[in-house]
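*Asks:* model the structure of this input:
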Amino acid sequence: MLIKRSISGRIDKGSISHNNRVFIASNVDKSRTHENITLVREDIQSVYHELFDKALADYNARQKRKDRRIKNYYEHINHSKQEKPFYEVIFQIGNTEDTHCGTPEAAVATKALTDFIKGFQQRNPHIRVFNAVIHLDEETPHVHINFVPFATNQTRGLSTRNSLSKALEQQGFKGEGKMNTCTKQWVEHEKKQLAEVMKGYGIEWEKLGTHEQHLDVLDYKKKMRAREVAVLENKVECTQHQLESTERVLRDADETLARLDQEYAEKTEAVEQLDSDITDKSAELESATQQLSVNQQLLQVTSAKIAQINDIDSIIVKHSAIGSKVTLSEMDYNSIVELAKKELAAEHDSAEKDDEIYRLKEILQALNKEKALWTDERSALHKTIDKLRSQVRGLTDQLSALKAKYDRVMEFVEKFDLKEKLANFLHPISNIKKHRR
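*Replies:* Predicted coordinates:
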């Protein structure tokens, strides 16, 4: 003869730390926690890599703009307003009056739940289970199933992406309004599958009404303890977020300080090089100025020589009686010849000096312009260095404040004896392995 038991099933918010007993709520009997059955326990980020890495790489390869690329799909979904990183569904057989944990009826229900989970993944090809636990340390046996939904062959975004509605639609569940959504259809379908498994253990599904007074005890007690669980979760998760945020900011600050130190060193080296270049150019400018002065003096000497040539007019000319020839004394003739030679040389020398002076003036102007540009650049670099120094001081102050905040967070963790719980929450896989050893 079949016995009748109710079946409860629903989509829940989901808390991995609660399911894996990282923290213990007041409705849990700690003496029976070791009886809980862990069926699946995997790292969610590893599951994300398994499901989405190829689609993510293909998506990023198509993006021409770097800001459209997604570095980490898990973090991307974590900050999404539309999708959740994971979902949870809970199934329970019976209630506290007819299937209380520790009774023979509860033992049979536990076997049925275990067999139900074994076929769950195969029945749901677009649901990836990464955590599944049967709780036997509360009132009634029930199973928490945590999963990541994934829809394939998508035309928008990643070709394989996180979407519960799309994943269920690909499994044949299409929503028909708010009263008959795809999730309700899916949960009802899984309850029917559980009912089939229960038949093999002599249990018939007793269908109850859907009004509030017919809710199973687990639902009722969870509502009554919602605030307590939320506070405990909030304490651990807030501490975790504070630690992660502080560590991330400290890491970013260290990287920024290192970058600023490097930039400061480079700018300082550039200023020193610029100072050296300005000194060299100033020396060249001074040399060019001196050379111009020398050439101007030479030009004055040449002008004086030309003036001497003009004195030829002062030579006394004697006219001979024969024809119109001019007769000069030998001394005057030699003077004229000498002056003529000097005039030719002076004219040639003067032309060269004029060219040289013109060239030097052009060089002088170019050097002055270059010097002015370097002086402006040096001034700008000094301002940049001052700004970098200010940024370094600000970041140093910020780093000190963050370290003080980090110390306060750790004091909070130690004060409320959350250190071990926080370690288990941050590294659940490694701690489980330690306990198994």
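
*Asks:* okay, the spatially most central residue of the chain: pLDDT?
*Replies:* Centroid check for the chain by C-alpha atoms, centre = their mean gives K71 as the closest residue, at 8.2 Å. Looking at K71, its pLDDT is 92.

*Asks:* if I look at it, how far off is N78?
*Replies:* 12 Å (C-beta to C-beta, to the nearest Å). The way it works is simple: take the backbone N, C-alpha and C, and place the C-beta from them, glycine included.

*Asks:* for the protein, just list every one of the strands.
*Replies:* 3-5, 7-12, 37-41, 87-93, 127-135, 142-149, 203-205, 318-319, 326-327 (DSSP state E).

*Asks:* including mean neighbour count, mean pLDDT and distance to A401, could these go into JSON lines?
*Replies:* Compiled in JSON lines, the strands of the chain are given as follows (neighbours: other C-beta atoms under 10 Å; pLDDT from 0 to 100; distance: least, C-beta to C-beta, whole Å):
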{"stretch": "strand 3-5", "mean neighbour count": "16", "mean pLDDT": "92", "distance to A401": "58"}
{"stretch": "strand 7-12", "mean neighbour count": "18", "mean pLDDT": "92", "distance to A401": "39"}
{"stretch": "strand 37-41", "mean neighbour count": "15", "mean pLDDT": "95", "distance to A401": "39"}
{"stretch": "strand 87-93", "mean neighbour count": "23", "mean pLDDT": "96", "distance to A401": "38"}
{"stretch": "strand 127-135", "mean neighbour count": "22", "mean pLDDT": "96", "distance to A401": "38"}
{"stretch": "strand 142-149", "mean neighbour count": "24", "mean pLDDT": "96", "distance to A401": "37"}
{"stretch": "strand 203-205", "mean neighbour count": "18", "mean pLDDT": "94", "distance to A401": "60"}
{"stretch": "strand 318-319", "mean neighbour count": "10", "mean pLDDT": "52", "distance to A401": "108"}
{"stretch": "strand 326-327", "mean neighbour count": "10", "mean pLDDT": "58", "distance to A401": "105"}
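
*Asks:* would you tell me which of these gets closest to Q391?
*Replies:* With C-beta to C-beta as the criterion, Q391 lies closest to strand 142-149 of those, at 41.7 Å.

*Asks:* and that closest one, C-alpha only, in PDB?
*Replies:* Presented in PDB, the C-alpha positions along strand 142-149 are these (Å, rounded to 0.1, in the frame of the first residue of the first chain):
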ATOM      1  CA  HIS A 142      15.100  18.500   1.400                       C
ATOM      2  CA  VAL A 143      17.600  19.200  -1.400                       C
ATOM      3  CA  HIS A 144      19.200  22.500  -2.500                       C
ATOM      4  CA  ILE A 145      20.300  22.400  -6.100                       C
ATOM      5  CA  ASN A 146      22.500  25.300  -7.300                       C
ATOM      6  CA  PHE A 147      23.000  25.700 -11.000                       C
ATOM      7  CA  VAL A 148      24.100  27.900 -13.900                       C
ATOM      8  CA  PRO A 149      21.600  28.100 -16.800                       C
END
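
*Asks:* what is that strand packed up against?
*Replies:* Judged by 3 or more C-beta pairs under 8 Å, 6 or more residues apart in numbering; DSSP states H and E, strand 142-149 is in contact with helix 16-19, helix 44-62, strand 87-93, helix 104-118, strand 127-135, helix 164-170.
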